[in-house]
Structure formats: C-alpha cells, structure tokens
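Enquirer: Here you go, sequence then predicted model.
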Amino acid sequence: MAPTRRGRATYHHGDLPAALVRATLEIIDEVGVRGFSVAEAARRTCVSPGAPYRHFADRDALLAAAALEVSRRLRAIYLETVAEVGSAQERLATVAGSFVRAAARYRGGLDILFAPGLRAAHPELQESSREFVALLLPSAFEVIAPGEGAEAAVALLDALNALARGYVAQLLEGKFGDPEEVAEDVATCATRAARVLVAGYGLPSGPADG
C-alpha cells in the first residue's frame, strides 16, 4: 500500500514521530478515537509494535501529538484565509469558516483537539489554544463596544468558538450533506452567522427594552 511505503521511507529518514502522527490521524478519520491503537499506527508505518514507545510514552501521548498537529493545521487554514482581510470584524468572523474547513479536511482530528482529558494532561495543547486566542485578541479589542474591557473581548472569542463548533458538529453529523461536498457552503454560512455575532458585541450597552 502507498501509505506503508511512505511510512517506511519517512522512518528510514529519521522522522518516525511525524509518520506516526500522520498514521494516527488517518486511523482516527476511519474508526474514531475509540478505535485507535498504537499497534495499528506502528503497522502502517512498518515498524515494530514497540517502536512508537521510544518516542511517545503512551497512547495518549501519541494522540496529544496528533492533536497538536491538527492545531497547527487549523491555525494555518485561518492565517491563509485571513491574509487578505482588512477589518477586525471580518478577521474574527473568518474564524468560524476556518473551523468548518478544518473539520471537513481532518474530521476526527478536531475530536482529539478538543478532548478535555487529553488537554488537561498535556499542557502543550493548552498552550496551543492560548497562542490562537492571543492571535485573535487584538481584533476582539478593536471590535468590542467602547468602555468594555478584557472580559468582553474574551466573551466574544468564547461565543465565536461555540458558534464555530456548533457548525462543525452539524457538518460532521451530515446535517448539510456530505461534509466534503458542502464544506465551502457551510463555511460561508458559518462566517455569515459569525459576522452577526461580532457586530452584536460592538453595540453600546444599554437598558433592555420592555
């Protein structure tokens, strides 16, 4: 099989950890996190069942490395999409579409990226999230209503995250159709909804009607 030949070549060039991460993401896409095994990742990279443990302490450590790779890919998708975007509002709205595009490409990878237990045990995943938030915070501060502080900016990013992950969940459930076929349309819808959300955070505070 082609993946086996690629895995073997990568291993002989001294990049077994990266090959194992790629195999991990392939397996999770096919059978989910529960169906993943280190032994299968080793088989696909043409190494002995014990070889992965020379680089990863246990199954969760390999899963965490795969999640970190997904985090890097998500960030890359966002930066590519936002490269030509001028306004802070649109930079934030683009986050939702980026999540949808990442989900369509990597599917199960987002499951491990957001797995609470994995994140708690592996600080590098938490640090990756903090870096992404730090990337977005300047835009959030530009958008929030005058007089609002850091709490409002963080609340905006939390709301964007919830909106984006809602679209991702529905995409992967098949609500909109085959994820690969409808990903771009759903990304457009998610971005449109995010624009409305971001605009709401820019409104001045005042007493509720009625």
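Expert: That came in fine, so what should we check first?

Enquirer: show me where pLDDT drops low in this structure?
Expert: When residues are selected by pLDDT under 70, those of the chain lie in 1-14, 203-210.

Enquirer: the helices in it, which residues?
Expert: With helices called from DSSP state H, the chain shows them at 2-12, 16-31, 38-44, 59-82, 88-106, 108-113, 116-121, 123-143, 150-173, 179-201.

Enquirer: Please convert those to a markdown table, extending it with mean neighbour count.
Expert: C-betas here are computed from N, CA, C, even on glycine. Shown next, in a markdown table, are the helices of the chain (neighbours: other C-beta atoms under 10 Å):
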| stretch | mean neighbour count |
| --- | --- |
| helix 2-12 | 14 |
| helix 16-31 | 20 |
| helix 38-44 | 20 |
| helix 59-82 | 19 |
| helix 88-106 | 23 |
| helix 108-113 | 23 |
| helix 116-121 | 13 |
| helix 123-143 | 16 |
| helix 150-173 | 17 |
| helix 179-201 | 17 |
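
Enquirer: right, and the ones you listed - which one's nearest Y53?
Expert: Nearest to Y53, of all the helices of the chain, is helix 38-44, at 7.5 Å by C-beta to C-beta.

Enquirer: now for the closest one, which elements pack on it?
Expert: In terms of contacts (3 or more C-beta pairs under 8 Å, 6 or more residues apart in numbering; DSSP states H and E), helix 38-44 is packed against helix 2-12, helix 16-31, helix 59-82.

Enquirer: Would you format those as TSV with distance to L171 included?
Expert: TSV is the format used below for the helices and strands packed on helix 38-44 (distance: least, C-beta to C-beta, whole Å):
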stretch	distance to L171
helix 2-12	26
helix 16-31	14
helix 59-82	14
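
Enquirer: So for A120, which of these sits nearest?
Expert: helix 59-82 (10.6 Å).

Enquirer: For the closest one, name the packing helices and strands.
Expert: Partner elements for helix 59-82 (3+ C-beta pairs under 8 Å, 6+ apart): helix 16-31, helix 38-44, helix 88-106, helix 108-113, helix 116-121, helix 123-143.

Enquirer: would you turn these into CSV with distance to V198?
Expert: Shown next, in CSV, are the helices and strands packed on helix 59-82 (distance: least, C-beta to C-beta, whole Å):
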stretch, distance to V198
helix 16-31, 31
helix 38-44, 40
helix 88-106, 5
helix 108-113, 22
helix 116-121, 26
helix 123-143, 6
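
Enquirer: so which of the helices and strands packed on helix 38-44 gets nearest A145?
Expert: Set against A145 and scored by C-beta to C-beta, the helices and strands packed on helix 38-44 come closest in helix 59-82, at 22.8 Å.

Enquirer: contacts for the closest one?
Expert: For helix 59-82, contacts defined as C-beta atoms under 8 Å, 6 or more residues apart in numbering pick out 17, 20-21, 24-25, 28, 33, 36-38, 41, 52, 56, 91, 94-95, 97-99, 101-102, 105-106, 109-110, 112-113, 115, 118, 121-122, 124-125, 128-129, 131-132, 135.

Enquirer: Could you check the angle that helix makes with helix 123-143?
Expert: Going by axes from the mean of the first three to the mean of the last three C-alpha atoms, to 10 degrees, helix 59-82 is angled at 30 degrees with respect to helix 123-143.

Enquirer: Take helix 59-82, keep the C-alpha atoms, and write them as PDB.
Expert: The C-alpha coordinates for helix 59-82 follow below in PDB (Å, rounded to 0.1, in the frame of the first residue of the first chain):
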ATOM      1  CA  ARG A  59      -1.300   6.100  23.600                       C
ATOM      2  CA  ASP A  60      -2.400   9.400  25.000                       C
ATOM      3  CA  ALA A  61       0.900  11.000  24.300                       C
ATOM      4  CA  LEU A  62       0.700  10.000  20.600                       C
ATOM      5  CA  LEU A  63      -2.900  11.300  20.500                       C
ATOM      6  CA  ALA A  64      -1.800  14.600  22.000                       C
ATOM      7  CA  ALA A  65       1.000  14.900  19.300                       C
ATOM      8  CA  ALA A  66      -1.700  14.300  16.700                       C
ATOM      9  CA  ALA A  67      -4.000  16.900  18.300                       C
ATOM     10  CA  LEU A  68      -1.100  19.400  18.300                       C
ATOM     11  CA  GLU A  69      -0.600  18.800  14.600                       C
ATOM     12  CA  VAL A  70      -4.300  19.500  14.000                       C
ATOM     13  CA  SER A  71      -4.000  22.700  16.000                       C
ATOM     14  CA  ARG A  72      -1.200  23.800  13.700                       C
ATOM     15  CA  ARG A  73      -3.200  23.000  10.600                       C
ATOM     16  CA  LEU A  74      -6.200  24.800  11.900                       C
ATOM     17  CA  ARG A  75      -4.100  27.900  12.600                       C
ATOM     18  CA  ALA A  76      -2.600  27.600   9.000                       C
ATOM     19  CA  ILE A  77      -6.000  27.500   7.500                       C
ATOM     20  CA  TYR A  78      -7.100  30.500   9.400                       C
ATOM     21  CA  LEU A  79      -4.000  32.500   8.500                       C
ATOM     22  CA  GLU A  80      -4.300  31.600   4.900                       C
ATOM     23  CA  THR A  81      -8.000  32.600   4.800                       C
ATOM     24  CA  VAL A  82      -7.500  35.900   6.700                       C
END
